[in-house]
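Trainee: no FASTA, just this:
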DNA sequence: AACAAAATGCATCATTCTTTGCAATCAATC
DNA sequence: GATTGATTGCAAAGAATGATGCATTTTGTT
């Protein structure tokens, strides 16, 4: 009984695996990096013949279904002898299979997102509850991707620029306005002179006119980019105003027209873009700002918290019911 | 060489374990539910003597360090004979250790968040980069907690109410205004009559005056609750306006004064609350809305998308550079 | 096409693991 | 405080795993 029930996680991942096989061939992929095993795979690439490389590629990609296998089971899974498994991991530089198994688990843990487990069920007749779950798991995946791909140093670099800037203007239109507002509000709380102008392109352009090279523009837009936001970035460039963008890819206009940028996925399961990962990125920026110049920010925060919590702003039972 | 490097994940979790030992004793906890193993642990509680129950409690809680152990290693870890491990899992109803191991892995996977691994490093001298990473991992944990604790049916229930409502007013002040704005904007895109009034309490109260029992109020506030938001919820109750709250606990004023509510954690690592999980919750609500009355919403969305993408709003290279 | 080098599969052994019988220990009840 | 039933540890048996020498196949080169 335990058995039948417990095998439900392993549904049918064969199809999706097969499909992703072609494009990636078996070469190293950049996103392997970050785990001991992934790094070793990259390093030792020259010591691996094509079939071994391919074998490892599959084991790593399918870590969610291989991390708990014995060498024999792994052999069975990929139609090779267990000795081949052993010798392949030895070619990677591991002395014992147990060492490899450990690193494979680590690899699995850092790459894991529940969404990858659910993706197998690409059924057509999803219930609404399924879609809700899927949405959350996609958010989790986006966020996890952000976590593994983000370079903390880059975030710190932004924090540094924010620290140096006299004024900070955050631009976001439509849905991205949410993010712009969140960032500028957070920065204000940390004591920075930040704002996120809303309104038509005219309002924004006017706001930009007074910016100088001592200020900082943070435009936020995804995909093709909304006109007003991109125009703002270009204006900033013309006026030598430093700019730092938040977007979802290296090829987006924001990435092109800003001095540097941060990438956070807005990939969605349904029709509505998910701004969860960018929100987390903004959070990270705020944290970096707060801690990279502790005296000033923390002092501001403390002050803010004080007047905030002592003040009249919180609800108190006394006032009614 | 593989060995030394690969043991870095296992730092020192003993202290934190010990500390959390007292309060939870060894009794079943609600958050065990949701995995085959957790459920079985709850069910079979009566068949377990205190020491076995305690043993399992620890194994489940420390799943991140036990999921890959053999029965022997588990025995060593908890200072019992491996036979005790075997018989304990048999008392749970498992026939073979392998079955238990499988469910333990599943348990681990559903509970895992990278933050739990990092928490061990409660050093005092964190670098800024560490704090950035920690912030992201905390976000991930909050989001994961939301995912495991959320009841999709509840989200669908909200969606149902939103569908029925004539007008929807979302209230959020300060940081929560970001969320309010995001929700109302999303709803508008789906074709609902929603808005998120900003401004002083007076503005909000005026906006509420015209609401009736056919409308819906969605206040968003966390912790102690901001006065204006709570007052809005209470006003709604007085006027028989249905209300649905988003907050971070069952004991918050929002939870008390709203007809029903959704919980999303804003727990943070630094000084700034993280609104990542609530953002995901809002996303989930929007997805549920979009799919629970497909005809209307999807039609609206399609229309919206069309005029949006064909329109002048996107950036196009032609216009400059 | 022939050869050398490398890789794989098979068979095997030493190691480790799971499971169970048995004796000792512990806990609860009369 | 003795007795009984449940639980644990110990030890051993049986099953599975990891690792390696040897024969065979594959790959790449001349």
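Mentor: That came in fine, so what should we check first? None of these values were measured; they are calculated from a predicted model.

Trainee: count of neighbours near residue A:189?
Mentor: Here the neighbour count serves as a burial measure; for residue A:189 (other Cβ atoms under 10 Å in any protein chain shown) it reads 21. Heads up, the C-betas are built off the backbone N, CA and C, glycines and all.

Trainee: and what of residue A:60?
Mentor: Counted with other Cβ under 10 Å, residue A:60 comes out at 20.

Trainee: Flag every buried residue along the host helix or strand of it.
Mentor: Secondary-structure assignment from DSSP states H and E places residue A:60 in helix A:50-61. Residues of helix A:50-61 classed as buried by neighbour count (16 or more other Cβ atoms under 10 Å in any protein chain shown): A:52, A:53, A:54, A:55, A:56, A:57, A:58, A:59, A:60, A:61.

Trainee: Any part of the biggest helix by length in chain A near chain B?
Mentor: For chain A, the helix with the greatest residue count under DSSP state H is helix A:128-149. Yes. Judged by Cβ under 8 Å from any Cβ of the partner chain, helix A:128-149 and chain B are in contact via A:128-133, A:135-137, A:139-140, A:143-144, A:146-147.

Trainee: the inter-axis angle of that helix versus helix B:128-149?
Mentor: Taking axes from the mean of the first three to the mean of the last three Cα atoms, to 10 degrees, one finds helix A:128-149 and helix B:128-149 inclined to each other by 170 degrees.

Trainee: Just name whatever secondary elements helix A:128-149 is in contact with.
Mentor: helix A:114-118, helix A:276-292, helix B:128-149, helix B:152-164, helix B:276-292 (3 or more Cβ pairs under 8 Å, 6 or more residues apart in numbering or on different chains; DSSP states H and E).

Trainee: neighbours around residue A:70, how many?
Mentor: Using other Cβ under 10 Å, the number of residues around residue A:70 comes to 12.

Trainee: per-residue confidence for the nearest residue to residue A:153 once chain neighbours are set aside?
Mentor: Spatially, and ignoring its direct neighbours in sequence, residue A:153 is nearest to residue B:129 (6.5 Å; Cβ to Cβ, 6 or more residues apart in numbering or on different chains). The per-residue pLDDT reported for residue B:129 equals 89.

Trainee: Please apply the same query to the one 10 residues further on.
Mentor: Here, the pLDDT recorded for residue B:139 equals 91.

Trainee: In stretch A:40-53, which residues are buried?
Mentor: Neighbour counts over stretch A:40-53 (16+ other Cβ under 10 Å) mark A:40, A:41, A:44, A:48, A:52, A:53 as buried.

Trainee: for those, which one is nearest chain B?
Mentor: The nearest member of these to chain B, counting by Cβ to the nearest Cβ, is residue A:40 at 8.4 Å.

Trainee: right, and the closest one touches residue A:89 too?
Mentor: No. With contact defined as Cβ atoms under 8 Å, residue A:40 does not reach residue A:89; the gap is 9.8 Å.

Trainee: show me the contacts for the residue in the stretch 101-250 of chain A that DNA strand C sits nearest to.
Mentor: Across the stretch 101-250 of chain A, no residue is closer to DNA strand C than residue A:101, which sits at 11.2 Å (Cβ to the nearest atom of the strand). With contact set as Cβ atoms under 8 Å, 6 or more residues apart in numbering or on different chains, residue A:101 has these partners: A:67, B:68.

Trainee: Who is residue A:246 paired with across the strands?
Mentor: Beta-bridge pairing of residue A:246 under DSSP bridges involves residue A:220, residue A:262.

Trainee: ok, residue A:71 to residue B:47 distance?
Mentor: Applying Cβ to Cβ, to the nearest Å, the value for residue A:71 to residue B:47 is 36 Å.

Trainee: Same question for residue A:137.
Mentor: 34 Å.

Trainee: same deal with residue A:257?
Mentor: Look at residue A:257 and residue B:47: by Cβ to Cβ, they are 66 Å apart.

Trainee: How about residue A:203?
Mentor: Distance of residue A:203 to residue B:47, given as Cβ to Cβ: 69 Å.

Trainee: same thing with residue A:96?
Mentor: Applying Cβ to Cβ, one obtains 39 Å for the distance of residue A:96 from residue B:47.

Trainee: Which parts of the stretch 1-150 of chain A are helices?
Mentor: Counting by DSSP state H, counting those that start in this stretch, the stretch 1-150 of chain A has these helices, from start to end: A:2-6, A:14-24, A:36-43, A:50-61, A:63-66, A:71-77, A:82-91, A:97-111, A:114-118, A:128-149.

Trainee: Where does pLDDT dip in the stretch 51-200 of chain A?
Mentor: In the predicted model, the stretch 51-200 of chain A carries pLDDT under 70 at residues A:114-125, A:199-200.
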